[in-house]
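Student: sequence first, predicted model second:
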Amino acid sequence: MELGLIQKQTTKLVMTTQLHQAISILQYSTAELLEYVKEQALENPLIELQSPSWDGGVRSSKRSYENGTRQDPLEYAETRRSLHDELHEQTRCINLPKKITGIVHYLIDSIDESGYLRINETEVMSYLDCDEFELTEAIRQVQLLDPSGIGARSLSECLSLQLNQEGEVFELARLLVSDHLKALAEKKYRELSKQYHVPVEQIQQAADLVADLDPRPGTKWFTEKTTYIVPDVMIQEKNGRFTVTLLDDDLPAMKVSNTYRSFKHNEAADYLKDKYQQVSWLMKSIEQRKQTLRAIMGVVIVHQQGFLRNGMSDLVPITLKEVANEAHVHESTVSRAIKSKYVQTPHGLYPLKDLFTSKLASESGEGASSSSVKLFIKELVENENKLKPLSDQKIVEALHIQRGIEVSRRTIAKYRDELKILSSSKRKRFT
């Protein structure tokens, strides 16, 4: 075997930094792009943001005060009491032995956001120097506090604590959640009826009681910060025609700072040249993003007139490939452009990707979108006879007869799962 030098010419695609940036910018939502521009402005001294309202990504506004008197902002601070505060306050109103009271307060601080008591009892007894009887009594006192179900150590215990009324159905419900919670969740009512020797209607009544209970009694005291969805695109009807507006008003106008020109011929020239290329490419990528979105939304306007006028039931099936061909871009570009973006339409706010659906065969030959089929399935289930719910096959037949849409039973089962609709056997009611 000989050793030697061999020249070989090959062609390969290299992902440059600029190309990677352009792809990322295309995928950003307006809010994400806003933050990205802010970061770039901090890193690149040549970027000037021309926006008087620009302040860390939030529009500034002038505040007015009644009678010229400034209000104390602390007056608007959150004053809602926490779950632990509420439980501690209730405990102070109960006359308990001093040691039991101390244990109860310790247990209250161990309750999680859902209202469950997450402790290792052996470790607690060792830490608090108490015996099993004292700990058990303290747990019982915690579980007597309001709201009902608080301080439970499992889901079945939480539900049992809430079934505190007298009556045959309540007693049956307590037995079911204690011993056969999984079978109850799977709606195996006939099996439970035979096991407990009671009518299936009574099992149904017990299940209805359990369904009304709160599996997480502590969550009402823990409010998560509301997350608002900001649309990236708005479609409006003006004079009978639909127009597209890109909602990028919060994006500050960018320009290249002129202060760098005096440094062109010193040791910082190479650094400034590199930064100038970066800001130029950033501005070009943002403009390309706008053009791509406008082209895609132009195709949507042409094809989705029915949806824009009548809603989701008239959504026309159109694939990413078809949109890409008409917008004169690659299919992957369309996929990236609609990622994590929302569109405000005359019928509400939708993820942009929901407007692009697969096509199902229909007798008219035009096809039906998967979204409209899902909507029809949901309407059928909502209006069905709960004593005799529609099977997947019956839904297939209803789609064929009422809408002329040909779809398989397997597809119906898939769409039903996506809509979180139970099978007909589990939707069936006996009363």
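Tutor: In hand now; what should we look at? Worth saying up front: this structure is predicted, and the values here are computed from it rather than measured. Numbering: from 1, shown residues only.
Student: got the contact list for K290?
Tutor: L246, D248 (Cβ atoms under 8 Å, 6 or more residues apart in numbering). Quick note: C-beta positions are derived from backbone N, CA and C, even for glycine.
Student: confirm that it sits in a strand.
Tutor: No - counting by DSSP: H, G, I helix; E, B strand; the rest coil, K290 falls outside a strand, being helix.
Student: need the helix or strand of this protein with the lowest average pLDDT.
Tutor: strand 359-360 (a mean of 70; mean pLDDT, DSSP states H and E).
Student: strands paired with it, and their directions?
Tutor: Neighbouring strands of strand 359-360 in its sheet, by DSSP bridges, are strand 368-369 (antiparallel).
Student: do you know how far the residue nearest the centre of the chain is from E171?
Tutor: The centroid of the chain falls nearest to T227 when counting by Cα atoms, centre = their mean (9.5 Å). Going from T227 to E171 by Cβ to Cβ, to the nearest Å gives 43 Å.
Student: same question, Y127
Tutor: From Y127 to E171 the distance is 37 Å (Cβ to Cβ).
Student: for the residue lying closest to T345 once chain neighbours are set aside, give the beta-bridge partners.
Tutor: Leaving out its chain neighbours, the residue that sits closest to T345 by Cβ to Cβ, 6 or more residues apart in numbering is I235, at 5.1 Å. For I235, the beta-bridge partners under DSSP bridges are V244.
Student: residues contacting I235?
Tutor: F242, T243, V244, T245, M297, V300, I301, L308, V343, Q344, T345, P346.
Student: just the buried ones from the residues you listed?
Tutor: For these, a neighbour count by 16 or more other Cβ atoms under 10 Å gives the buried set as F242, V244, M297, V300, L308, V343, Q344, T345.
Student: which pLDDT value belongs to E224?
Tutor: pLDDT, E224: 66.
Student: burial of D274, as a residue count?
Tutor: Residues within reach of D274, counting by other Cβ atoms under 10 Å, total 11.
Student: and the one helix or strand it maps to, how far out from the chain middle?
Tutor: Element membership for D274 (DSSP states H and E) is helix 269-303. What separates the centre of helix 269-303 from the centre of its chain is 29 Å, taken as Cα atoms, centre = their mean, to the nearest Å.
Student: what comes up buried for that helix?
Tutor: Applying 16+ other Cβ under 10 Å to helix 269-303 flags 272, 275, 278-279, 281-282, 285-286, 289, 292-293, 295-297, 299-300, 303 as buried.
Student: ditto for stretch 175-184
Tutor: Result for stretch 175-184 [16+ other Cβ under 10 Å]: buried residues L176, V177, H180, L181, L184.
Student: now the residues you listed in TSV, with pLDDT?
Tutor: What follows is the buried residues of stretch 175-184, written out as TSV (pLDDT from 0 to 100):
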residue	pLDDT
L176	89
V177	88
H180	88
L181	88
L184	87
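Student: ok, those residues vs S370, which is closest?
Tutor: L184 (33.4 Å; Cβ to Cβ).
Student: starting at the chain centroid, how far to the helix or strand where that closest one lies?
Tutor: Assigned by DSSP H and E, L184 falls within helix 181-185. Computed by Cα atoms, centre = their mean, the chain-centroid distance of helix 181-185 equals 27 Å.
Student: which strands and helices lie in contact with it?
Tutor: Judged by 3 or more Cβ pairs under 8 Å, 6 or more residues apart in numbering; DSSP states H and E, the packing partners of helix 181-185 are helix 155-162, helix 168-179, helix 189-196.
Student: need those in TSV with distance to P252, can you?
Tutor: Formatted as TSV, the helices and strands packed on helix 181-185 follow (distance: least, Cβ to Cβ, whole Å):
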stretch	distance to P252
helix 155-162	51
helix 168-179	57
helix 189-196	61
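Student: which of those helices sits most buried?
Tutor: helix 155-162 (a mean of 21; mean count of other Cβ atoms under 10 Å).
Student: and the contacts of it?
Tutor: Contacts for helix 155-162 (Cβ under 8 Å, 6+ apart): 115-116, 143, 148-152, 174, 177-178, 181, 210, 213-215, 217.
Student: filter those down to the ones in helices?
Tutor: Q143, R174, V177, S178, L181, V210 (DSSP state H).
Student: among the buried residues of stretch 175-184, which one lies nearest to Q7?
Tutor: For the buried residues of stretch 175-184, the nearest to Q7 is L181 (72.7 Å; Cβ to Cβ).
Student: how far away is that closest one from I150?
Tutor: Taking Cβ to Cβ, one finds L181 at 19 Å from I150.
Student: what do you get for D109?
Tutor: 13 Å.
Student: about what we covered before: for the helices and strands packed on helix 181-185, which one sits closest to E331?
Tutor: Across those, closest to E331 is helix 155-162 (Cβ to Cβ), at 45.9 Å.
Student: now do that closest one: distance to the chain's middle.
Tutor: For helix 155-162 - counting by Cα atoms, centre = their mean - the centre lies 28 Å from the chain centre.
Student: quick check: mean pLDDT across it?
Tutor: Mean predicted confidence for helix 155-162 is 90.
Student: tell me the angle that helix makes with helix 168-179.
Tutor: With axes from the mean of the first three to the mean of the last three Cα atoms, to 10 degrees defining the directions, helix 155-162 sits at 160 degrees from helix 168-179.
Student: can you give me the strands in this structure?
Tutor: 47-50, 233-238, 241-246, 253-256, 342-345, 348-351, 359-360, 368-369 (DSSP state E).
Student: looking at those, which is buried most?
Tutor: When the strands of the chain are compared using mean count of other Cβ under 10 Å, strand 368-369 is most buried, at a mean of 24.
Student: between D109 and I150, point out the one with more neighbours.
Tutor: Applying other Cβ under 10 Å to D109 and I150 shows that I150 carries more neighbours, namely 25 against 9.
Student: ok, the residue nearest to V124 when sequence neighbours are not counted - contacts?
Tutor: Once flanking residues are discounted, V124 sits nearest to L135: 6.3 Å by Cβ to Cβ, 6+ apart. L135 makes contact with I103, E121, V124, M125, L128, according to Cβ under 8 Å, 6+ apart.
Student: nearest to V316 among the residues you listed?
Tutor: Among the contacts of L135, and counting by Cβ to Cβ, the member closest to V316 is E121, at 61.2 Å.
Student: give the residue spans of the stretch 201-350 of the chain that score low on pLDDT.
Tutor: 223-224, 249-250, 261-267 (pLDDT under 70).
Student: got the contact list for stretch 236-250?
Tutor: Outside stretch 236-250, the residues touching it (Cβ under 8 Å, 6+ apart) are 30, 33-34, 57, 59, 230-235, 290, 293-294, 297-298, 301, 305, 308, 344, 346.
Student: understood, closing this out.
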